[in-house]
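In: coordinates only, sequence not included:
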């Protein structure tokens, strides 16, 4: 049998689903985290001898879909005929939630109401008469606390026992013309009145929602258009400082010590073995993978802090602060959500774009969301910040805020190309209540990501590093490359043509080009490949107990200045994301033209940013332009010409589509 | 060929075999983004398709 979990956004459906199934689906203290349906078997302790499949649905406010994810919910409960529905109701906001409940009760499928977040109600002194509510709705109602597994067993037991039975709906929609907007609005108002009457009968509140409380006062500051952005910048700087300049490196130092010791032991054990074997295992596998794993503590600390920020309700406020800016540049207010999710991983960020109704805004958002550096780029940022900027946390902060600026500029560019005019749109997001963040939740979230990071390092990164090491060790005749003849290796000959294109950017050497290319498989590969091609492992100085800094071994080996290092870092951050994210982009955009446009825009952006940093940085620091200035300018000019041509083409299609009378005139002639 | 070399070759082959097998299995299951913390959250992935399709 199947039990569907339906309710308003941020009512705790996925938290309940995770508790009942043992899954670890993404949860967050804001609405819109779940964008698709998911199903899994219930744990035996809840389902007993029955085989019960739980279906977690995206949040919906009503059965009349307003957003794509609401359509998934309404379509599922209408057409998939689940055996029972568990309606998760946010007990702290009963009047809003019961509108959907009364609609679900009309479907003829047994419904069990779970009054979730009952602990918050208890703290706020809000009392709900459960028996009376159950009587008024004609369905079982239970108080639940998903985060503490309270009341869940009763809900499931009742849902299973009700399968195949019928309930009498407490409210039936009148027989109206559903195409008549006024009739539908009037009917909705009637339903609201019915719900409000029930709420008045069953609920006693100490704190009235109309009163201004301390949360509202905090919101006034955190969502202020100016103060909100300044506070956001300060918060993010603190997150990066703790994760990448203080606590992260402190833990990483211990880990790197062990990795180094292991690498030395492996190299020592293979002393009498062929050099190629030693290089492959000690440098390629242990060195390359170790270099990536060495950054794991930094990534973990950052994810822990971001999880705390999400859980306490702050990230939802960030969305509110960014909303007006996003709308101004031609994106949707909802574009904020993919951008915030993008700090973790680009793929769910792109998937989250499907909540945006307007096709152009949806495509533009999925095109731009990956400008925000994802978790896989943290090792790259940390490496360059450590090697060239003495571990300065401003490098990370700048990378993220510059990513935001590129999103705005990119959006303006798309707006210009597509001939989009500003229109008033609304972004409605319920701000969750502030709460003390759960350390358990943050720890769990951090450990899940750590596990995924290790899996990636032990599979994709390991195989890539081995291939890179082999390609670097052999030439095309499959002879071992002699010392001093590294330029004859397979890797060098493949990467050199790309390296030539990168001369105007200041890093036209095959090693750096190869690292950038392998980064398209997984961004952590940039670090792994650099470790392999330069024979480096220790990106964290174990003697100094800090991230490597200044003119050290890494900086010397790469032969980059601070300017070219920043250009290389930004090139890797803002060129297209990994292939998996490009695939996700393809699926969300559903247009080859837009997909190639996105890849072109990202390549062009990464190239232009690196070019400008290298050329103007060199001009300021050394008083002259860097090598390849003129060829770089030609490349930029070609990009501008391409943009103009694309814009003209798009606009001509637009004109063709809407100039109807000219078409008829032409046809008549 | 000494014992250390033989062991190293076996370990190398084994590690690579296991890594490639894992990647292959995941791809077959429809997971295009190995290691992605959200792979299991992907709607199509859990239905047996690629999350990027």
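Out: Right, received. Where do you want to start? Values in this document were obtained by computation on a predicted structure and should not be read as measured data.
In: switch to C-alpha atoms for all contacts and neighbour counts from now on
Out: OK.
In: Which positions in the stretch 301-450 of chain A make contact with chain B?
Out: Of all the residues in the stretch 301-450 of chain A, those in contact range of chain B (CA under 8 Å from any CA of the partner chain) are A:345, A:347-348, A:448-449.
In: Output those in TSV; the columns should cover neighbour count, distance to residue A:150 and secondary structure.
Out: Converted to TSV, these look like this (neighbours: other CA atoms under 10 Å in any protein chain shown; distance: CA to CA, whole Å; DSSP: H, G, I helix; E, B strand; the rest coil):
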residue	neighbour count	distance to residue A:150	secondary structure
A:345	23	32	coil
A:347	31	33	helix
A:348	24	30	helix
A:448	17	24	helix
A:449	23	27	helix
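In: Check those residues and tell me the two furthest apart.
Out: Based on CA to CA, the longest span within these runs between A:347 and A:448 and measures 16.3 Å.
In: Neighbours of residue 12, how many?
Out: Here I'm looking at chain A. The criterion is other CA atoms under 10 Å in any protein chain shown. On that basis, residue A:12 has 27 neighbouring residues.
In: oops, chain B please
Out: Using other CA under 10 Å, residue B:12 has 17 neighbouring residues.
In: thought it was touching residue A:278?
Out: No: in this structure, residue B:12 sits apart from residue A:278 without contact. The criterion is CA atoms under 8 Å, and the distance is 10.6 Å.
In: Identify the contacts common to those two.
Out: Common neighbours of residue B:12 and residue A:278 (criterion: CA atoms under 8 Å, 6 or more residues apart in numbering or on different chains): none identified.
In: what residues does the stretch 451-600 of chain A put near chain B?
Out: Looking at chain B, the residues of the stretch 451-600 of chain A close enough under CA under 8 Å from any CA are A:451-456, A:458-460, A:462-463, A:580-581, A:583-587.
In: Sort out for me which of the residues you listed are in helices.
Out: Among those, the ones falling in helices (DSSP state H) are A:451-456, A:462-463, A:580-581, A:583-587.
In: what about the helices in the stretch 1-150 of chain A?
Out: With helices called from DSSP state H, counting those that start in this stretch, the stretch 1-150 of chain A shows them at A:13-21, A:44-47, A:68-79, A:94-104, A:118-124, A:130-137.
In: Which of those sits closest to residue A:322?
Out: Closest of the helices of the stretch 1-150 of chain A to residue A:322 is helix A:68-79, at 22.2 Å (criterion: CA to CA).
In: ok, the residue in the stretch 151-300 of chain A that chain B sits nearest to - how many residues close by?
Out: Among residues of the stretch 151-300 of chain A, the one nearest chain B by CA to the nearest CA turns out to be residue A:273. It sits 5.4 Å away. Other residues within reach of residue A:273, judged by other CA under 10 Å, total 18.
In: so who does it touch?
Out: With CA under 8 Å, 6+ apart, residue A:273 has these contacts: B:1-2, B:4-5.
In: Name the member of those with the most neighbours.
Out: Counting by other CA under 10 Å, top hit in the contacts of residue A:273: residue B:5 with 18 neighbours.
In: ok, for that residue, nearest residue in space, not its chain neighbours?
Out: Computed as CA to CA, 6 or more residues apart in numbering or on different chains, the closest residue to residue B:5 that is not its neighbour in sequence is residue A:273, at 5.4 Å.
In: Quick one: list the elements packing against the lengthiest helix in chain B.
Out: Ranked by number of residues, the top helix in chain B under DSSP H is helix B:3-29. Using 3 or more CA pairs under 8 Å, 6 or more residues apart in numbering or on different chains; DSSP states H and E as the contact definition, the elements that helix B:3-29 packs against are helix A:275-278, helix A:462-473.
In: Mind giving me the packing neighbours of the last one?
Out: Taking 3+ CA pairs under 8 Å, 6+ apart as the contact definition, the neighbouring helices and strands of helix A:462-473 are helix A:288-293, helix A:490-501, helix A:525-533, helix B:3-29.
In: List the contacts of that helix.
Out: Identification of contacts with helix A:462-473 by CA under 8 Å, 6+ apart yields A:276, A:279-280, A:283-285, A:288-289, A:480-481, A:486, A:489-492, A:518, A:525, A:528-529, A:532-533, B:16, B:19-20.
In: Give me the neighbour count for residue A:131.
Out: Other residues near residue A:131 number 14, with proximity taken as other CA under 10 Å.
In: Am I right that it is in contact with residue A:138?
Out: No: counting by CA under 8 Å, residue A:131 stays clear of residue A:138, with 10.3 Å between them.
In: Give me the below-cutoff pLDDT ranges for the stretch 501-650 of chain A.
Out: Residue ranges of the stretch 501-650 of chain A with pLDDT under 70: A:537-552.
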